[in-house]
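Asks: sequence plus predicted model, see below.
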Amino acid sequence: MTSGTVEGAGRPFVEAVRAPYGAGIMGTRVILADDHTVVREGTREILERHGGIEVVGEASDGEEAVRLVSALRPDVAILDLGMPKMGGLEAVRRIKATCPEVGVLVLTVHDEDQYVFAVLEAGAAGYLLKDVPSERLIEAVEAVGVGEPVLHPTVVRKVLGRLQPDGDEGTDRSPRSLTDRELGVLRLAARGMSNKEIARSMDLSARTVQVHLAHIFSKLQVASRTEAVVRALREGWFSLEELA
């Protein structure tokens, strides 16, 4: 496919129904935006080896990306930051302003604070560095497609470092209602591991990890793993040093 093209332009667009876990009934529909053709081709090959992901459009700059998202309404838009005409940060802002239901995943080489926090504040659901394994990229696309935040481990430490309060005064170092197993799952989630990676590390099924996370969210009255980790750090249940 050439840059800026749309697959199936003659057929009607159909919105996929989102489920609490997993992609919509038509799978996860993705557009790729990167000014390097070889990067787009490689990313597309990785994603389309997975049967539940379909790349429906490609763009070589931010302006094309915004137009494609508006036309196709994909589940996920994967954006690089350093693109011509319109950079990735501005593209994130415009996509979230016009198509807030589209999950945005930034895939970049940049891990500087100025980019990380600006992108997350603009509404991106995920921020990965281009050194991630292909399996992790696939899992991230699926997660972002159903509204789950996904952050590279390096980015997790930056975000949590900014959120963690100074000192331990006034914190309760007991996890209270969480079981040892749930606290272990939460600690690995804080390291940026996916559900499958946590499952392998703890010799559990991915479904069991999912159930543990649901229990954690319910007990802590939060809506995502990021909120749960922030709560654990604020309570002093584990520290950033433990996550290194």
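Replies: All right, it came through fine. Residues are numbered from 1 along each chain as shown.
Asks: so residue 178 touches residue 184, yeah?
Replies: No. Residue 178 lies out of contact with residue 184 (CB atoms under 8 Å); the separation is 9.5 Å. In short, each C-beta sits where N, CA and C put it, glycine included.
Asks: now do the SS call for residue 29.
Replies: Reducing the assignment at residue 29 to three states with DSSP: H, G, I helix; E, B strand; the rest coil gives strand.
Asks: about what we covered before: which of residue 178 and residue 184 has more residues huddled nearby?
Replies: When residue 178 is set against residue 184 and neighbours are counted by other CB atoms under 10 Å, the residue ahead is residue 178, at 20 against 16.
Asks: ok, now which ones touch the more buried one?
Replies: With contacts taken as CB atoms under 8 Å, 6 or more residues apart in numbering, residue 178 has the following neighbours: 186, 216, 219-220, 237.
Asks: which of those count as buried?
Replies: Those of the contacts of residue 178 that meet the buried threshold are 186, 216, 220, 237, by 16 or more other CB atoms under 10 Å.
Asks: just send these back as TSV, with distance to residue 229 and secondary structure too.
Replies: TSV is the format used below for those (distance: CB to CB, whole Å; DSSP: H, G, I helix; E, B strand; the rest coil):
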residue	distance to residue 229	secondary structure
186	7	helix
216	10	helix
220	10	helix
237	10	coil
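Asks: what's the farthest-apart pair in those residues?
Replies: When those are compared pair by pair using CB to CB, the two farthest from each other are 216 and 237, 11.4 Å apart.
Asks: who touches both of the two?
Replies: With contacts taken as CB under 8 Å, 6+ apart, residue 216 and residue 237 have 178, 186 as neighbours in common.
Asks: for stretch 54-71, measure first residue to last.
Replies: The straight-line separation of the ends of stretch 54-71 (CA to CA, to the nearest Å) is 16 Å.
Asks: buried residues in it?
Replies: Using 16+ other CB under 10 Å as the burial criterion, the residues of stretch 54-71 that qualify are 54-66, 68-69.
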